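S.K.: got a sequence here, can you model it:
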Amino acid sequence: MKILFACCAYFFYTYTFASATVIDGNNIVFIYEANSEQPMSDIEIIKLTSEEVMNAKNEFVKQDLILKNKPIVKSELLKFNNKHNFIARLSSSLGNYDFNDNGFKLKVNNAIYLPFHYSYRVNFENSDDFNFLQLEPSKAEKLIQKIQKSRNIIIEFHGTLTKAEEYLYGDRFSDPINKGQLTTLLKNIKTIRLFINKAVIYSTSGEAIKVIYPKITYNDFIKSKNKKECLNGDNIFNIGSHTTVDEIKHSISCGADIHKRSKDWFGLTPLQWAKEFKNIPVIRFLNKELEKAK
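M.R.: Model prediction:
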């Protein structure tokens, strides 16, 4: 079974470190669908990932190929079912050396994502912990001499899968018809979320520079997620397009009104969102709550 490879600005290596699998364009579909609460059927996955099925001469050849590839897809899904340790590698670059804090600013933040074809993504829960590479001046100077003007590096994130869920991403762009107005293009993206347990910084030649660890452990992260308190703003839906079902449940438990308009939902009420985007897990959940509220 041939799997389409997704090319992008970021790059990945298709090998396995002990029990941790490197996410790449060939396996991201299987990793997501194996851990999603709303997975696609095996046949849908085959149609999405198999090049020979896509290029079949007619429906009879296609059907034969689908049946042939079913065991392969089942095997791939079983491989990643309940597997939680993954590695994502991406290219980045160093900023200027900060002589006050003794280190380099790294271009990493919570908004970073690793795009692939088929609308699958990898996002990081705690990338704010990895936006600075601390090095004493003498080592930093040697590093700059080695990597020269490009300042390019490779960051290898070792993470634990926390969620495989669809998110609604909104991109703002200038409306070509109504000049000067911004339009929001909303797209449903299947997203694998990782809590980063460590990040290994490499030069582009493959030399390890330093290992960075998060401020809190994965276990402490899970505890903090489970012990959310009701804040003053939780009585309304001050939430955005990345909101998860768990966050919706928390807001409702804190007395949020699902009929009330929220500015962070592009001026829409949860009811309006539910009517517009019916197949997203968050919206499916909201629809159930709306039914209860009738």
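S.K.: give me the contacts around stretch 96-110.
M.R.: Stretch 96-110 has contacts (Cβ atoms under 8 Å, 6 or more residues apart in numbering) with 92-95, 123-128, 130-137, 140, 144, 155. C-beta coordinates here come from the backbone N, C-alpha and C atoms, glycine included.
S.K.: helix or strand right after the helix or strand of the chain with the lowest mean pLDDT?
M.R.: Using mean pLDDT, DSSP states H and E, strand 16-17 stands out as the lowest-scoring helix or strand of the chain, at a mean of 41. Tracing the chain C-terminally past strand 16-17 and defining elements by DSSP states H and E, one meets strand 20-22 next.
S.K.: in the helix or strand I144 falls within, which residues are buried?
M.R.: When secondary structure is defined using DSSP H and E, the element that contains I144 is helix 137-147. Across helix 137-147, burial judged by 16 or more other Cβ atoms under 10 Å covers A140, L143, I144, I147.
S.K.: might you report the residue contacts of the first one?
M.R.: Just to be clear, that refers to A140. A140 touches Y97, N102, G103, F104, counting by Cβ under 8 Å, 6+ apart.
S.K.: what confidence value was assigned to it?
M.R.: Residue-level confidence at A140 comes out at 94, pLDDT.
S.K.: from V200, how far out is it?
M.R.: As for A140, its distance to V200 is 17 Å (criterion: Cβ to Cβ, to the nearest Å).
S.K.: same question, the third one
M.R.: I144 sits 19 Å away from V200, going by Cβ to Cβ.
S.K.: tell me the helix or strand right after the top helix by length along the chain.
M.R.: When every helix of the chain is counted residue by residue (DSSP state H), the longest turns out to be helix 59-80. Counting by DSSP H and E, the element after helix 59-80 in chain order, helix or strand, is strand 85-98.
S.K.: buried residues in that next one?
M.R.: Buried residues in strand 85-98, counting neighbours by 16+ other Cβ under 10 Å, are found at F86, I87, A88, R89, L90, S92, L94, Y97.
S.K.: I figured the first one hits T162, correct?
M.R.: Put plainly, it is F86. No: contact between F86 and T162 fails when scored by Cβ atoms under 8 Å: they sit 10.8 Å apart.
S.K.: what do the two both touch?
M.R.: When contacts are counted by Cβ under 8 Å, 6+ apart, F86 and T162 are jointly contacted by L194.
S.K.: surely I201 is within a strand?
M.R.: Yes: looking at I201 with DSSP: H, G, I helix; E, B strand; the rest coil, it is inside a strand.
S.K.: any idea what it is bridged to?
M.R.: I155, K210 (DSSP bridges).
S.K.: begin at 10, not 1, for the rest of this chat.
M.R.: Okay, residue one is now 10; in that scheme the one you just asked about reads as I210.
S.K.: ranges for the helices of this protein?
M.R.: If you assign secondary structure with DSSP H, the helices in the chain sit at 37-44, 51-58, 60-63, 68-89, 146-156, 227-235, 254-262, 279-285, 290-302.
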